[in-house]
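Novice: what's the 3D shape of this:
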Amino acid sequence: MHWTGNGRIEVSRNFALGVAAVIIALALAAMFLIGMVIGQDGEEEPQAEIDPTPSVMAAERETETATEAAQASDQQEESETAVRPQAGTKTEYSTCLVRTHRSLLLDVESARFTPWPDYGDNRSVWDVIRYRHVDYISDYCEKQAPAPPATYSSTCIPRELQSFYRRHIPEGSDSDDFRAVAAEYALTVCQPAADR
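Specialist: Numbering: from 1, shown residues only. Coordinates of the predicted model:
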């Protein structure tokens, strides 16, 4: 900052930016202090407590009892589901998988997405979507799945895949989606339980 020949004060750009920064910092500090004062004013005054009426207390007890009963019912159902053996058959399970797959069939062309195609990256997310889709279908049909076999057989998977294809997939209509569903079927039917 300096005086010019005609009596004016000339301010440099750096000086002006410094003054603006100081003014902004002071404004933020003032806002912070005002907020602290306002926040403390609300905490200092004691709040008047109102005792609930007997009808309100009775309603709260009923709600708590209903909530506890619902939670107990949910826990009992979860434990029964975990212990209950699967009672479906191979036919019921494979039919459920195929019907659910066909009713939820994803259109590959409209669902195709390639991240950053302009940069030469041609990886697709479709494979991930396809396998998550099969996970959903297998979870949906889990109740129809037969109980796992007691022992492992090396010929079970090829035999069950052949049976699945004969029963549900006409020749020439095979696809990646059907292969994923068939693999889910064969693995579920042929793999013994891990805890045996």
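Novice: What is the subsequent helix or strand relative to the lowest-mean-pLDDT helix or strand in the chain?
Specialist: Least confident helix or strand of the chain, by mean pLDDT, DSSP states H and E, is helix 108-111 with a mean of 56. Counting by DSSP states H and E, the next helix or strand C-terminal to helix 108-111 is helix 126-140.
Novice: Who are the packing partners of that following helix?
Specialist: Under the contact definition 3 or more CB pairs under 8 Å, 6 or more residues apart in numbering; DSSP states H and E, helix 126-140 sits against helix 90-103, helix 108-111, helix 176-190. (C-beta placed from N, C-alpha, C; glycine too.)
Novice: Report the next helix or strand after it in sequence order.
Specialist: Later in the chain than helix 126-140, the nearest helix or strand by DSSP H and E is helix 156-168.
Novice: Where does pLDDT dip in the chain?
Specialist: Filtered on pLDDT under 70, the chain yields the residue ranges 1-3, 41-60, 62-63, 65-67, 69-87, 106-124, 193-196.
Novice: how about 90 then?
Specialist: Under the criterion pLDDT under 90, the flagged ranges of the chain are 1-17, 31-95, 97-140, 142-196.
Novice: Mean neighbour count, the helices and strands packed on helix 126-140: which tops it?
Specialist: helix 176-190 (a mean of 19; mean count of other CB atoms under 10 Å).
Novice: what does it rub up against?
Specialist: Contact with helix 176-190 is made by 90, 93-94, 97-98, 101, 105-106, 130-131, 133-134, 137-138, 145-146, 148-149, 152-153, 156-157, 160-161, 164-165, 169, as judged by CB atoms under 8 Å, 6 or more residues apart in numbering.
Novice: Pull out the buried members of the residues you listed.
Specialist: Using 16 or more other CB atoms under 10 Å as the burial test, the contacts of helix 176-190 include 90, 93-94, 97-98, 101, 130, 133-134, 137-138, 145-146, 148, 156-157, 160-161, 164, 169 as buried.
Novice: just checking, Y93 touches A145?
Specialist: Yes - with contacts counted by CB atoms under 8 Å, Y93 reaches A145, the gap being 4.8 Å.
Novice: longest helix of the chain?
Specialist: Looking across the chain with DSSP state H, the single longest helix is helix 13-44.
Novice: How about that one, which residues are buried there?
Specialist: Neighbour-count burial for helix 13-44 [16+ other CB under 10 Å]: no residues qualify.
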